[in-house]
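**Q** I would like the atomic coordinates for the input below:
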Amino acid sequence: MNIQYEDTTLPGSYGVVGSFPKSFGYGVEVPDLEDSPTSADKPRILLMGLRRSGKSSIQKVVFHKMSPNETLFLESTNKIYKDDISGSSFVNFQIWDFPGQVDFFDPTFDSEMIFKGTGALIFVIDAQDDYMEALSRLHLTVSRAYKVNPDINFEVFIHKVDGLSDDHKIETQRDIHQRANDDLADASLEKVHLSFYLTSIYDHSIFEAFSKVVQKLIPQLPTLENLLNIFISHSGIEKAFLFDVSSKIYIATDSAPVDMQSYELCCDMIDVVLDISCIYGLEDGSGSAYDEESLAIIKLNNTTVLYLKEVTKFLALVCILREESFERKGLIEYNFHCFRKAIHEVFEVGSSNDGAAWRPASSSSNSQPGLKYASLNGSAV
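**A** Have a look, this model is predicted:
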């Protein structure tokens, strides 16, 4: 079978290998230099699975804001679809959507080229279908990819679980987990680690699963988590997320467990802010409803406050706190200013032969450069 490629590289994308864009500014994007790496050099996430398992629907819903109901009319993928999402997102990688009928033994399938530059491989299994064939293909895919690149993160999306009961979801996940790992053990591939997620495009589970996948590809994640922990502990905040606004993927959160209901509230808040900004926002010529002035406060009827504030061109901090904690708004604003400054210092602009890229400001994952936080009584610590 001939493997065909369809490249949908977006204009204005970043021509630098890495996980982050080269500019936090709001001005016109500077054209990439001629000697900068091509989009093919960027880290990539592969979407694989059998036909009609939901791969293309996942991509369209998460990265192109397609309504889940509209995905019912998507045609089956018959060639490799390459989607560069870095033009509108903080994370800088490509999504490669593979047709379900890919033959790994076909001479035209270049395993070395495809798997070598891959950060994560997502294998999608239709939970509402007989998944025995999918498990066989999963084993074949993982085995081939691991031989080429043992550093790939292998992720399994047990998809379309919206049609299953809670008990059936748990039983399906347990069965797939057991069978997949047994197959790897029989092939002496015990070192391969598979991560499993229950997903559906009809709720926020697909966004949370993709958040977990992307976080594994961010080398600065420990630093971001430490910054968020310091911020919430000195501000009386219960939970904080650092969101990629375009995709609603959270690239970091504090160490407290993520509650799905809280995550959904934060996602809905981003949608509300963008929708209202599009309708009532001032036209500045950039065509974007999200800018350095973006700020929103929503008070719920259960004394909970949702607080959103712009961090960078692509990132927003969304917090959940109690109404009594929000009375110390000045303290929160001061701590946020320190947090925002630290984020910019973590991803400082570095120069190289390949152009500018966001690089860690420190090799230590526990360092917070230039941080000064206020305590809850207002004194600096």
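
**Q** is the residue lying closest to Ile176 once chain neighbours are set aside in a bridge, and if so with what?
**A** Excluding the flanking residues, the one nearest Ile176 by CB to CB, 6 or more residues apart in numbering is Ile158, at 5.9 Å. For every residue, glycine as well, the C-beta is placed using N, CA and C. Beta-bridge partners of Ile158, counted by DSSP bridges, are Ile125, Leu198.

**Q** check which helix or strand covers Lys60.
**A** Under the criterion of DSSP states H and E, Lys60 resides in helix 55-64.

**Q** taking the mean pLDDT, what do you get for that helix?
**A** The pLDDT scores in helix 55-64 average 91.

**Q** Over to stretch 339-346?
**A** 90.

**Q** now the strands: where do they sit in the stretch 51-200 of the chain?
**A** Per DSSP state E, counting those that start in this stretch, the stretch 51-200 of the chain carries strands over the ranges 80-84, 94-97, 118-126, 153-159, 194-198.

**Q** Just put the ones you listed in a markdown table and tack on distance to Val62, mean neighbour count and mean pLDDT.
**A** Output for the strands of the stretch 51-200 of the chain, formatted as a markdown table (distance: least, CB to CB, whole Å; neighbours: other CB atoms under 10 Å; pLDDT from 0 to 100):
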| stretch | distance to Val62 | mean neighbour count | mean pLDDT |
| --- | --- | --- | --- |
| strand 80-84 | 11 | 20 | 85 |
| strand 94-97 | 9 | 22 | 90 |
| strand 118-126 | 11 | 23 | 95 |
| strand 153-159 | 11 | 24 | 97 |
| strand 194-198 | 13 | 18 | 97 |
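
**Q** need those in JSON lines with distance to Tyr280, can you?
**A** What follows is those, written out as JSON lines (distance: least, CB to CB, whole Å):
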{"stretch": "strand 80-84", "distance to Tyr280": "31"}
{"stretch": "strand 94-97", "distance to Tyr280": "33"}
{"stretch": "strand 118-126", "distance to Tyr280": "38"}
{"stretch": "strand 153-159", "distance to Tyr280": "37"}
{"stretch": "strand 194-198", "distance to Tyr280": "37"}
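
**Q** Which strands or helices does the helix holding Lys60 pack on?
**A** strand 44-49, strand 80-84, strand 94-97, helix 205-215 (3 or more CB pairs under 8 Å, 6 or more residues apart in numbering; DSSP states H and E).

**Q** got the buried residues for the last one?
**A** Buried residues in helix 205-215, defined by neighbour count with 16 or more other CB atoms under 10 Å: Ser205, Ile206, Phe207, Glu208, Ala209, Phe210, Ser211, Val213, Val214, Gln215.
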